[in-house]
Every structure is written in structure tokens, then in C-alpha cells.
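In: Below is the sequence, then the predicted model.
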Amino acid sequence: MSHKDLHDLFTELAEDVVPSRTAATALTEAFRVRRRRRAIAGAALAVVVVVAATVALWRPFGGARVESSASTTPPSRAGSARVTHLPAAIARDPQAAPYWPPAIDPDATAISRSAAPISHASLLYTPSSNAGAPYIPIYAYGEGLINGGSGNGQFYWVVLEVKLVETRDADGNRALPLDQGSLGPMGQRAAFAQPDEVVVVDLRTGKEDRIPLLGLNEEVTWLVDGRHVLVSSATQTWLVDVDTRTALPASTDGFTVTPMVGGGSGLTTLAFVDPGDAAPLLRFYDDGGLSWRSHRYVNIASAAPYRFSYLMPHGWRYGDLIAQAGGGQAGSVPGEFVVVIDDQTGDITQVLDLGPNRNKGCCAVVGWMNPDAVIIHTDQEGLLQWTLSTGTVTRLTDRLPGASSLPMNGCDWRILNAACVT
């Protein structure tokens, strides 16, 4: 089947015509953790053309939401969002041990994964001090493996036996291979964007698969089924099936995806689209990000007096709620904060004010612990858990001076007839 045949087939299956992708604004670009770079000239996809069955897998299914471009739900009144202020003293979460590392010291304590197999990882990490090394070490904190798959209750650091390099553009800009979205669902597989390929590692077996994908790949984001991953360069996002080693061009922008952890279906993105926009735009796609379906602007008045100037990548979604970090104005002064957005109405329902004396881009949402708990990374405190129902903020880890990734742990999601295997 030719690429044209494949495109025509998907066009017949999709419910909406895919619009042209709009370039992200310079302001959004300036605050991305990983810089977009110009793709290698003449780069082409070097994977087997996917068969029609894969296209059918990602056909928008009947249970997915299909909305009009404009919301029919009346917006909440101005300033209706619940505001929580980050406490000056943040207690260690009483349930953090042993699931989170008591100390961020993998260089001193990690042994090879083959010498100490793990059943899954709760955290991937690489210190920023390793930048510039010929190969960048990736450390995993996880639970020991017994009986070929079960956890043994013992948690420790291991170093993955995989050779990964920094991505570098013609101007010398560099980025570590570990992305916020590298660790897959349930912490069982990891993916890393590399020049001309995406590298997938099974953390239980250590098996490494290098899937050709020509170009300067920069960003990866797993989908909740644990089989598909979005791989992005400056000019294109690909939907890669890591089991069949095939890929399709996606309509979505992988740099702005808000990955779904659980509680729903479909794919969303959140970004400022045009320089003059006062509010970021929510876009809705089919499960694989292949077909755009609808959009709505965030109702920024619901968070008054907080106003976004920029967003940090990525927001993360549980059900209809998107948790997103960014910065702008907190009343009359600059501020950094995290918000929770109801994607069905566009309203901001909660704000976590991170307080003064923060650097721009200090903080990012890195996942959800459960439908009521958002996980946040800050440059000063480490990983924090924000419990939405109570407003309580607790500490999961110490400061992480480097790149990190957490797994998606939700099981209550829907993609066709797929099932979540714990």
C-alpha cells in the first residue's frame, strides 16, 4: 500500500478534515524545556509503511467526545477558581516511602539493571551534570523483579544499559535524551528521542529496540495504551507503534500534548496559538492524535487575578481535568502557578500559587498520582503532590537537579477494546 493509499484510507475513516498545523508562538518556544530545532534537510520516514489494520486501530470510536468549536456551557463567574498557596514548609508525604527515593543519589548507589532487574520504575532520572558526556546515563528507581514480572517490595536505583546521546543542532544547542514523557504507562517501558531513531527499552527484560525515524527527533510522549508513542521534531510529529515498528504522521503537535493518565479517552493539546492570544487554546483529537476534532479557548477570567503569559510543557490530563504549569501575572506582580482546567467547559477550577522569588519556567506538572492528586516538579523543592480535594501539598522527593520522567498509572481509560494491565 502506498503512502497516498494510506492517506486516502484514513481520510475516509476520520470524521473530520485535519486542518493545517499552526506554528507555535515565539513566546511559547522560549520557555520549552527542550528546544525545537530545524529538522535535518531532506529527512524522510524510514520505517515500513503501516498496514490498514493499524489505521483502523486509531479510528475515532463512538465513545470519544465530539464537540463544537464553541462551548455551549456558560462560563464560571470571574475569579471562581479555588486558590491554594504553596506552604513555606512542606512536609514529606507519609506514603512516599518506599515508592519514591529517600535521596537523589543514583551516581553513588545505582547498579546495572541486569544485575538487579526491576518489575517497573516509578522514576527515571539523569543529572544535569552528565550533560556533554559521550553517552548520557539514565537511572531508574523501581521495584525489584521476581518470577519474571512480579515486584518483590524492594525499591532501589539501577542504571539502564543503553547508549544514548544528547541531541544537538547545527548551532550547538543540546538537549538530554530523557524527556518528561519518556517513561511509559505503569513504568514498564521507556522511550528516548535520538537522531534518526527512537529507542525503546523494556525495563523488565532490558531489551532495547532502535526504531528508525530519520530526522532530529527531540520529544517523546507515550499514549496510555503503552504501545504507541508520539515522537516529535521541529517539523513533524509521528505516531509510532513500538510493537510493529511502524509510524504514521500525526496531526497533533507533540510538544503541546497533554497526555491522558486515565479516566477518559481521546487526546488533547494546550498552547498559545497566536502571539496576540490572551488565552491558550484547547484542541481535541482522536486517540492517536491523527485527526483534529474540535477546540475551545480556556476561560482565563475564571482564574482572576491570575493570568497566563506562557505555559510549561506538558500539561497532564485525568478524565476531563488538565493540570498545567505556567506563569504570568498573579494580581499586580509576576508569578508562577499551576492550574487545573475543566476541558469540557474551559474553566480553570483550581490554582496553586507557587509563591514569589521563582525563576521563569521553574516548575512543571509531571503527572497525576490518582484522580485527586497532581504531581509537580519544582526547581527548589523536588517532586510535590498537590491533593485537589483538600489543597494539601506534600513532598515526594528531594530536589532533582536534572531531567526526570514519571509513569502514567491510571487504568480507567478507553481506547477501543484495549485493557489496562497492571
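Out: That came through fine.
In: Which parts of this structure are helices?
Out: Taking DSSP state H as the criterion, the chain carries its helices at 3-13, 26-30, 52-57, 106-109.
In: packing partners for the last one?
Out: It refers to helix 106-109. Where contact means 3 or more Cβ pairs under 8 Å, 6 or more residues apart in numbering; DSSP states H and E, helix 106-109 is packed against strand 118-127, strand 150-159. Every residue, glycine included, has its C-beta placed from N, CA and C.
In: how about it: buried residues?
Out: By neighbour count, with 16 or more other Cβ atoms under 10 Å as the criterion, the buried positions of helix 106-109 are P106.
In: Export the top strand by length along the chain to PDB, keeping only CA atoms.
Out: For the chain, the strand with the greatest residue count under DSSP state E is strand 189-202. The C-alpha coordinates for strand 189-202 follow below in PDB (Å, rounded to 0.1, in the frame of the first residue of the first chain):
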ATOM      1  CA  ARG A 189       8.900   0.600  29.100                       C
ATOM      2  CA  ALA A 190      10.800   3.800  28.300                       C
ATOM      3  CA  ALA A 191      11.300   5.700  25.000                       C
ATOM      4  CA  PHE A 192      14.000   8.200  24.100                       C
ATOM      5  CA  ALA A 193      14.200  10.500  21.100                       C
ATOM      6  CA  GLN A 194      17.500  10.200  19.300                       C
ATOM      7  CA  PRO A 195      18.900  11.400  16.000                       C
ATOM      8  CA  ASP A 196      17.400   9.300  13.200                       C
ATOM      9  CA  GLU A 197      15.700   6.900  15.600                       C
ATOM     10  CA  VAL A 198      13.600   6.400  18.600                       C
ATOM     11  CA  VAL A 199      14.900   4.000  21.200                       C
ATOM     12  CA  VAL A 200      12.500   1.800  23.200                       C
ATOM     13  CA  VAL A 201      13.700  -0.100  26.300                       C
ATOM     14  CA  ASP A 202      11.800  -2.800  28.200                       C
END
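In: and the angle from it to strand 118-127?
Out: 120 degrees (axes from the mean of the first three to the mean of the last three Cα atoms, to 10 degrees).
In: so how far is stretch 156-173 from its chain's centroid?
Out: 18 Å (Cα atoms, centre = their mean, to the nearest Å).
In: remind me which residues of the protein are low pLDDT?
Out: 1-76, 413-422 (pLDDT under 70).
In: Strands of the stretch 251-400 of the chain, residue ranges please.
Out: 260-262, 267-271, 281-285, 292-297, 306-311, 316-318, 321-330, 333-342, 348-353, 363-370, 373-378, 382-387, 393-395 (DSSP state E, counting those that start in this stretch).
In: how about CSV for those strands, with mean neighbour count and distance to P407 added?
Out: Converted to CSV, the strands of the stretch 251-400 of the chain look like this (neighbours: other Cβ atoms under 10 Å; distance: least, Cβ to Cβ, whole Å):
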stretch, mean neighbour count, distance to P407
strand 260-262, 24, 9
strand 267-271, 24, 18
strand 281-285, 22, 22
strand 292-297, 19, 27
strand 306-311, 20, 23
strand 316-318, 26, 12
strand 321-330, 23, 16
strand 333-342, 21, 20
strand 348-353, 22, 22
strand 363-370, 23, 8
strand 373-378, 22, 11
strand 382-387, 22, 13
strand 393-395, 19, 19
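In: now the ones you listed as JSON lines including distance to Y139?
Out: Shown next, in JSON lines, are the strands of the stretch 251-400 of the chain (distance: least, Cβ to Cβ, whole Å):
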{"stretch": "strand 260-262", "distance to Y139": "23"}
{"stretch": "strand 267-271", "distance to Y139": "29"}
{"stretch": "strand 281-285", "distance to Y139": "33"}
{"stretch": "strand 292-297", "distance to Y139": "38"}
{"stretch": "strand 306-311", "distance to Y139": "28"}
{"stretch": "strand 316-318", "distance to Y139": "22"}
{"stretch": "strand 321-330", "distance to Y139": "24"}
{"stretch": "strand 333-342", "distance to Y139": "26"}
{"stretch": "strand 348-353", "distance to Y139": "28"}
{"stretch": "strand 363-370", "distance to Y139": "16"}
{"stretch": "strand 373-378", "distance to Y139": "16"}
{"stretch": "strand 382-387", "distance to Y139": "15"}
{"stretch": "strand 393-395", "distance to Y139": "20"}
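In: I'd like to know how far the residue nearest to the spatial centre of the chain sits from L145.
Out: Central residue of the chain (Cα atoms, centre = their mean): G181, 4.2 Å from the mean position. Separation of G181 from L145 (Cβ to Cβ, to the nearest Å): 24 Å.
In: Kindly report the same for G254.
Out: For G254 relative to L145 (Cβ to Cβ), the value is 31 Å.
In: what about these two, which has more around it?
Out: Neighbours were counted for G254 and for L145 using other Cβ atoms under 10 Å; G254 has more, 27 against 20.
In: Tell me which residues touch that one, please.
Out: For G254, the contact set (Cβ atoms under 8 Å, 6 or more residues apart in numbering) comprises E219, V220, T221, L230, V231, S232, T237, G289.
In: Provide the partner residues of the residue nearest to the centre of the chain in its beta bridges.
Out: Residues in a beta bridge with G181, per DSSP bridges, are T221.
In: residue contacts, it?
Out: Contacts of G181 (Cβ under 8 Å, 6+ apart): A191, E219, V220, T221, W222, L230, V257, P259, H314, S405.
In: how about TSV for the residues you listed, with distance to D171 and neighbour count added?
Out: Output for the contacts of G181, formatted as TSV (distance: Cβ to Cβ, whole Å; neighbours: other Cβ atoms under 10 Å):
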residue	distance to D171	neighbour count
A191	26	26
E219	18	27
V220	22	28
T221	25	26
W222	29	25
L230	25	26
V257	26	29
P259	29	21
H314	25	28
S405	26	26
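In: Out of the residues you listed, which is nearest to R174?
Out: E219 (14.5 Å; Cβ to Cβ).
In: ok, and the closest non-adjacent residue to the closest one?
Out: Leaving aside its chain neighbours, E219 sits nearest to S232 (4.2 Å; criterion: Cβ to Cβ, 6 or more residues apart in numbering).
In: So that neighbour versus A133, what's the distance?
Out: 24 Å.
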